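Chemist: heads up, no residue letters with this:
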C-alpha cells in the first residue's frame, strides 16, 4: 500500500500532542512536590502525546499501519490519557473537598 507523502497532519492530532507535551512538562516540576502526582500527570501526558503522534501520516508510514490500525492505536492511547487525567482530577477534587476549612 502506497501512501501520499503530501497528507496533512490534521488539527486534532496536533492539539492532542500539544496537550500531552504540556501535561508531560507540567508533571516534571510537580514531581518535587508530589512524586505520585507528577508521575500521574506525566503518564497521562505521555499517553496523549503518543496518541497525537500515532495519528500522523509519519507514524502510519514508519510503522506500516493501516488506517484502521492507526485509528485504533490513537484511540487507545487517547482514551488511556484522558482516563488517567480524569482520575487525577477526581482524586484531587475529592482530597480538597474532604479537608477541613480553616476560618476565623
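Modeler: The structure has been received and is ready for your questions. Nothing here was measured: the structure is a model prediction, and the numbers come from that model.

Chemist: neighbours of residue 74, how many?
Modeler: As a burial measure, residue 74 scores 22 neighbours (other CB atoms under 10 Å). Heads up, the C-betas are built off the backbone N, CA and C, glycines and all.

Chemist: per-residue confidence for it?
Modeler: pLDDT for residue 74: 96.

Chemist: any idea which element it lies in?
Modeler: Per DSSP states H and E, residue 74 falls inside helix 67-97.

Chemist: what helices or strands is that helix leaning on?
Modeler: Counting contacts by 3 or more CB pairs under 8 Å, 6 or more residues apart in numbering; DSSP states H and E, helix 67-97 is packed against helix 11-33, helix 35-54, helix 57-62.

Chemist: residue closest to the middle of the protein?
Modeler: Centroid-nearest residue in the chain, with CA atoms, centre = their mean: residue 48, separated by 2.0 Å.

Chemist: that residue touches residue 27, doesn't it?
Modeler: No. When contacts are counted by CB atoms under 8 Å, residue 48 is not listed as touching residue 27 (11.5 Å).

Chemist: for residue 15, give me its contacts.
Modeler: residue 52 (CB atoms under 8 Å, 6 or more residues apart in numbering).

Chemist: roughly how far does it sit from residue 92?
Modeler: Residue 15 sits 23 Å away from residue 92, going by CB to CB, to the nearest Å.

Chemist: near residue 79, how many other residues are there?
Modeler: Look at residue 79: counted by other CB under 10 Å, it has 12 neighbours.

Chemist: numbering from 39 from now on, please.
Modeler: All right, first residue 39 from here; so that's residue 117.

Chemist: report pLDDT for it.
Modeler: 97.

Chemist: just the one 4 residues further on next, same as before
Modeler: The predicted structure scores residue 121 at 96 on the pLDDT scale.

Chemist: count of neighbours near it?
Modeler: Residues within reach of residue 121, counting by other CB under 10 Å, total 12.

Chemist: spatially nearest residue to residue 86 (excluding sequence neighbours)?
Modeler: residue 58 (3.2 Å; CB to CB, 6 or more residues apart in numbering).
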